[in-house]
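Visitor: got a predicted model here, sequence first, then my questions.
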Amino acid sequence: MTSTEVILDIKNLKTYFYTSDGVVAAVDDVSFQLHKGETLGIVGESGCGKSQTMLSVMRLIQEPPGKIVSGEIYFHDENLLKVPLLKMRSLRGAAISMIFQEPMTSLNPVYQVGDQIAESLTLHQGLRGWDWGYRLVSWGLFWKWVFTGFPRETKKRLSRLKVETPAWQRSVELIRLVGIPDPEKRVFNFPHEMSGGMRQRVMIAMAMACNPEILIADEATTALDVTIQAQILELMKDLKRRFGMATVLVTHNLAVVAEMADNILVMYAGKIVEYGTASQIFRQPMHPYTWGLLHSIPRVDQPKTDQKLPTIEGMVPNPYNLPVGCKFHPRCFKATSVCKEQEPPLEKTADGRQIRCWHRITEGGN
Amino acid sequence: MNNLKPLLEVKGLKKHFPITGGLLGRTVGYVKAVDGVTFNIMDGETLSLVGESGSGKTTTGKAILRLNKPTTGSVLFEDEDILGMKGEKMRRMRRKMQIIFQDPYGSLNPRLPVGEIIGEPLVVHNLASRKEREEQVMEIMETVGLRPEYLHRYPHEFSGGQRQRIGIARALILQPKFIVCDEPVSALDVSIQSQVINLLQELQSKFKLTYLFVAHDMAVVRHMSDRIAVMYLGKIVELASGEELFKHPLHPYTKALLEAVPVPDPEKRKERSLLEGDIPSPINPPSGCRFHTRCKYYAQNKFPCEQGDYELVDIGNGHFTACPYVRD
């Protein structure tokens, strides 16, 4: 699936938030590459900077308090941090699009879902939609109706106006593409008339509208039931097979990542702690944090034991007051004095993995 | 761990919420959130209720504690029917049964210091003087892994995991026998979940607690429970011991549910048969077997699933299932 062509190259990205309580390094020196057709999973707990990294790529960081302090984000050969805002706008939602966690809040409750999908098509692909021209015509028809009564034909023309626009037609197709039954009728639905899974499908249809090269799914299945989650994951796999876009999955659910991703990036306190292929990370995690994450979740595929789950002691550090040295050392079972003093560098290993730790776990754990 | 004596017997429990409409607020229909569930919980065991959202798991838990008033049915706690109890007797009964809520943010009063939140049940039941109360609160805080010095702090000063510990301490302070855990770990971070799961298990063996564990995360449920009941649209469709259910699921819904759970192992990726569509509305549930609208066996074989009643049937080994067609 994965080719060697790099489409997104992030170098030393730093996104800081300047609040009245101090500076938060939400994303601190993050570098990685995304290849064509690759599925990358970004894993971490809340507050580790996984969402902020991808929001920085979209340049959707709220400014102030946030600011992309330094770094380069190359999309093909273009530094996204340098392109003018108007150009960025034309890329966002077209070449790079994003699906958010809450399908309830990321859809506009006062527009029909067809209108919302068509909006992206009119903006990016220049398809004629329900624009001012159509509005003027319908306004004219409205007054014709007021003065002359409502002959059947006028009514039909009025209702056909929107449906006949190319953008609307295309949104019906997109809704069919994401597997919503009866698309000709469902395009007229408002978001509240749909279930959570259906709304997430509409979000995916919007994201897919302009055949993006990169699709970012930020906790796209977290709010859904397992049966619906399985449907959405299957849909995303299927779309990927057909359109070959690169996908970034931002999630805290390791099982979802195991199911979908080619490569995995583990983040902790704004930094990358480990990077590798899915089988490398799951077979032989080298960072104690990754090891802890993998072993502390109960497994569906293993029978119940009376043993206690191994845990990661303590909690995620306060972002205003991060520990000195390795950010993970207060919770780490392998920490020594060197971890308290010096931050380990992100090192590359021979087999293409990256790891930030002084005391890697070698074969067989511990 | 299992005694054969049931601590709690639930029989034909129903909870219908009325829907009012129109200008006069007349009842126009009912949401049949729980529609006739029957099960026992043995002394000292963990029974889990699993199912999709909208299947009535939480409502069942709350109805058992009488936090909402069940429409019909009976709940026997140590052979006494608690649905008919009144006044002082009910108050005494409530000491023995407590609940831990899902949302550690919404379930703690932000204006009370933690010591008072945890000690409040003692005040309500008038069980201890001020001084005794403080001692007991500090003791229980230590048991659940909170520093007793935090007594005077407010909930916003704690992280999610610590707040859930506060909720657990509040449930434990009356030394109950039975605790309903309503999705106690689903709002927590991955690394914190295992801490809370371990704590719940430790407390269970220490205080001989009986849990009704309401959850949708199948991995957590497998780890925690002795027996599991699968709910769909207000009814239990399958009930079996944990291992039995995961190894030999019989009801098509249980099978689909287990198949949908992603496995944290990239080498076990699977092509799965998906459950189509969404859970139907509990206002007007499908007739007969409620699952038949999404069931692939029904679609293939045309069993008469849309008629008749499908109640749990014992098929031996403590395994109950409501589907008569897929036993082999």
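Guide: Thanks, I have the structure now. Numbering: from 1, shown residues only, chains lettered A, B, ... in the order given.
Visitor: please count neighbours and contacts with C-alpha atoms only from this point.
Guide: OK.
Visitor: low pLDDT regions in chain B?
Guide: Applying pLDDT under 70 to chain B flags residues B:1-4, B:327-328.
Visitor: now the helices for it?
Guide: In order along the chain, chain B carries the following helices (DSSP state H): B:57-64, B:87-96, B:114-124, B:130-143, B:160-172, B:190-207, B:218-224, B:242-247, B:252-260, B:296-301.
Visitor: ok, the closest residue to chain A within chain B - how many residues close by?
Guide: Relative to chain A, the nearest point of chain B is B:Pro264 (3.8 Å; C-alpha to the nearest C-alpha). Look at B:Pro264: counted by other C-alpha atoms under 10 Å in any protein chain shown, it has 22 neighbours.
Visitor: that one contacts A:Ala261, correct?
Guide: No. Counting by C-alpha atoms under 8 Å, B:Pro264 does not reach A:Ala261; the two are 11.3 Å apart.
Visitor: other residues contacting stretch B:215-227?
Guide: Contact with stretch B:215-227 is made by A:225-226, A:297-301, A:303-305, B:45-53, B:182-184, B:186, B:197, B:201, B:213, B:228, B:239-243, B:246, B:258, B:261, as judged by C-alpha atoms under 8 Å, 6 or more residues apart in numbering or on different chains.
Visitor: cross the residues you listed against strands and list the overlap.
Guide: Judged by DSSP state E, the contacts of stretch B:215-227 include B:Thr46, B:Leu47, B:Ser48, B:Leu49, B:Val50, B:Asp182, B:Phe213, B:Ile228, B:Leu239, B:Ala240, B:Ser241 as members of strands.
Visitor: would a markdown table of the residues you listed with neighbour count be doable?
Guide: Formatted as a markdown table, those follow (neighbours: other C-alpha atoms under 10 Å in any protein chain shown):
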| residue | neighbour count |
| --- | --- |
| B:Thr46 | 27 |
| B:Leu47 | 27 |
| B:Ser48 | 29 |
| B:Leu49 | 26 |
| B:Val50 | 25 |
| B:Asp182 | 22 |
| B:Phe213 | 26 |
| B:Ile228 | 27 |
| B:Leu239 | 29 |
| B:Ala240 | 23 |
| B:Ser241 | 19 |
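Visitor: same list, the residues you listed, but as a markdown table with distance to A:Gly197 please.
Guide: Output for those, formatted as a markdown table (distance: C-alpha to C-alpha, whole Å):
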| residue | distance to A:Gly197 |
| --- | --- |
| B:Thr46 | 31 |
| B:Leu47 | 29 |
| B:Ser48 | 25 |
| B:Leu49 | 23 |
| B:Val50 | 19 |
| B:Asp182 | 23 |
| B:Phe213 | 26 |
| B:Ile228 | 26 |
| B:Leu239 | 27 |
| B:Ala240 | 29 |
| B:Ser241 | 31 |
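Visitor: can you tell which of the helices of chain B is closest to A:Phe282?
Guide: Among these, helix B:190-207 comes nearest to A:Phe282, with 15.9 Å by C-alpha to C-alpha.
Visitor: check the burial of A:Phe142 by counting its neighbours.
Guide: 17.
Visitor: so A:Ser31 sits in a strand?
Guide: Yes. The assignment for A:Ser31 by DSSP: H, G, I helix; E, B strand; the rest coil puts it in a strand.
Visitor: do I have it right that B:Leu49 meets B:Gly56?
Guide: No. Look at B:Leu49 against B:Gly56 with C-alpha under 8 Å: they stay out of range, at 9.3 Å.
Visitor: what touches both of those two?
Guide: With C-alpha under 8 Å, 6+ apart, B:Leu49 and B:Gly56 have common neighbours B:Met231.
Visitor: out of the ones in strands among the contacts of stretch B:215-227, who's nearest A:Glu63?
Guide: Comparing these against A:Glu63 with C-alpha to C-alpha places B:Asp182 closest, at 39.2 Å.
Visitor: give the contact list for the closest one.
Guide: So B:Asp182 contacts B:Thr58, B:Gly61, B:Ile99, B:Ile100, B:Phe101, B:Gln102, B:Phe213, B:Val214, B:Ala215 (C-alpha under 8 Å, 6+ apart).
Visitor: what's the burial count for the second one?
Guide: Here the count is done by other C-alpha under 10 Å, and B:Gly61 has 21 residues near it.
Visitor: which ones are touching it?
Guide: Contacts of B:Gly61 by C-alpha under 8 Å, 6+ apart are B:Val180, B:Asp182, B:Leu212, B:Val214.
Visitor: report the contact partners of B:Arg91.
Guide: B:Arg91 touches B:His125, counting by C-alpha under 8 Å, 6+ apart.
Visitor: 10 Å instead?
Guide: If a contact means C-alpha atoms under 10 Å, 6 or more residues apart in numbering or on different chains, then B:Arg91 has B:Met85, B:Val124, B:His125 as its contacts.
Visitor: does the last one touch B:Lys96 like I think?
Guide: No. B:His125 is not in contact with B:Lys96 according to C-alpha atoms under 10 Å; the separation is 11.6 Å.
Visitor: okay, the two: which has more neighbours?
Guide: Higher neighbour count among B:His125 and B:Lys96: B:Lys96, with 16 against 13, using other C-alpha under 10 Å.
Visitor: do I have it right that the more buried one meets B:Lys177?
Guide: Yes. In terms of C-alpha under 10 Å, B:Lys96 counts as a neighbour of B:Lys177; the distance is 5.2 Å.
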